[in-house]
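Peer 1: Give me a 3D structure for the following:
(2 chains)
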Amino acid sequence: EIQLQESGPGLVKPSQSLSLTCSVTGYTITSGYDWSWIRKFPGNKMEWMGYISYSGSTNYNPSLKSRISITRDTSKNQFFLQLNSVTTEDTATYYCARSTVVTDYWGQGVMVTVSS
Amino acid sequence: DVQMTQSPSNLAASPGESVSINCKASKSISKYLAWYQQKPGKANKLLIYSGSTLQSGTPSRFSGSGSGTDFTLTIRNLEPEDFGLYYCQQHNEYPPTFGAGTKLELK
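Peer 2: Sure, this is the predicted structure:
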């Protein structure tokens, strides 16, 4: 069974970087698919942030392009999100997921609050 | 980006009833619309993609219809486990964009 699990700090200070890890079990991230980050803001708005493909290429939402980086560690079957220069507007629940153009497996999400 | 307008925001129904949720795209997305279910403490579930194709494991009481800009998710004979939050998402072009969600509650 494919499972994804997010981990990382639940509280980040404004202007700092948000860093999250997604650990994948049951599927090797280099075997196929895109490995995505999606977030849900308070009030329920959802935003696709970007992905790293099985081959290592990346695709980011233009709204985040200057602040986001998605990388991976294939030896650990993990991929990572880094979002720089965060503000309170980045407070959200962050999900990692397996995607093609639709997302068939999701993590349970990790809530991140940006606050001083 | 393609804007997705989802309605209604809230919906109350009883087990056994049928409900419909609508999603309208700001431009044509052909048939490329997905529906997801979200419930507290559970991973989000892909229900339908490409407008009407049921994801493996989705019960047949769920159906999707539409093309172009207007789409509908219909749930027939509601079961207690169907109550939760539903999202539409266009998968015609990047970036994928979501509707604002519909909360389906028990009446």
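Peer 1: residue contacts, the spatially most central residue of chain A?
Peer 2: When Cα atoms, centre = their mean is applied to chain A, the residue found nearest the centroid is residue A:37 (3.0 Å). Each residue near residue A:37 by Cβ atoms under 8 Å, 6 or more residues apart in numbering or on different chains is listed here: A:20, A:22, A:49-51, A:70, A:81, A:94-97. All C-beta spots, glycine's among them, are computed from the backbone N, C-alpha and C.
Peer 1: Contacts only, for residue A:77.
Peer 2: Contacts of residue A:77 (Cβ under 8 Å, 6+ apart): A:23-25, A:28-29.
Peer 1: Filter those residues down to the buried ones, PyMOL style.
Peer 2: Here is the PyMOL selection string for the buried members of the contacts of residue A:77, based on 16 or more other Cβ atoms under 10 Å in any protein chain shown:
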select buried, chain A and resi 23+24+29
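Peer 1: between the contacts of residue A:37, which has the most around it?
Peer 2: Most neighbours among the contacts of residue A:37, by other Cβ atoms under 10 Å in any protein chain shown: residue A:96, with 31 neighbours.
Peer 1: so which helix or strand takes in that one?
Peer 2: Per DSSP states H and E: residue A:96 is located in strand A:92-99.
Peer 1: gap between the most centrally placed residue in chain B and residue B:6?
Peer 2: Most central in chain B under Cα atoms, centre = their mean is residue B:35, positioned 3.6 Å from the mean C-alpha point. As judged by Cβ to Cβ, to the nearest Å, residue B:35 and residue B:6 stand 10 Å apart.
Peer 1: shared neighbours, the two?
Peer 2: B:21, B:87-88.
Peer 1: Within reach of chain A, which of these are there?
Peer 2: residue B:87 (Cβ under 8 Å from any Cβ of the partner chain).
Peer 1: Filter the shared contacts of residue B:35 and residue B:6 down to the ones in helices?
Peer 2: Taking DSSP state H, every one of the shared contacts of residue B:35 and residue B:6 sits outside helices.
Peer 1: can you narrow the contacts of residue A:77 to ones near chain B?
Peer 2: Counting by Cβ under 8 Å from any Cβ, no member of the contacts of residue A:77 reaches chain B.
Peer 1: any chance of the contacts of residue A:77 in JSON lines, with secondary structure and pLDDT too?
Peer 2: As requested, the contacts of residue A:77 are exported to JSON lines (DSSP: H, G, I helix; E, B strand; the rest coil; pLDDT from 0 to 100):
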{"residue": "A:23", "secondary structure": "strand", "pLDDT": "98"}
{"residue": "A:24", "secondary structure": "strand", "pLDDT": "98"}
{"residue": "A:25", "secondary structure": "strand", "pLDDT": "98"}
{"residue": "A:28", "secondary structure": "coil", "pLDDT": "97"}
{"residue": "A:29", "secondary structure": "coil", "pLDDT": "97"}
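Peer 1: Pull out the CA atoms of stretch B:12-27 and give them to me as CSV.
Peer 2: C-alpha atoms of stretch B:12-27 as CSV (Å, rounded to 0.1, in the frame of the first residue of the first chain):
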residue,chain,number,x,y,z
ALA,B,12,-27.3,19.4,4.0
ALA,B,13,-28.9,16.1,3.2
SER,B,14,-30.0,12.9,4.7
PRO,B,15,-28.8,9.3,4.1
GLY,B,16,-30.6,7.9,1.1
GLU,B,17,-31.1,11.2,-0.6
SER,B,18,-29.3,12.3,-3.8
VAL,B,19,-27.2,15.5,-4.1
SER,B,20,-25.4,17.4,-6.8
ILE,B,21,-22.4,19.7,-6.6
ASN,B,22,-21.5,22.0,-9.5
CYS,B,23,-18.2,23.3,-10.8
LYS,B,24,-17.7,26.0,-13.4
ALA,B,25,-14.4,26.8,-15.1
SER,B,26,-13.5,30.3,-16.3
LYS,B,27,-12.6,28.8,-19.7
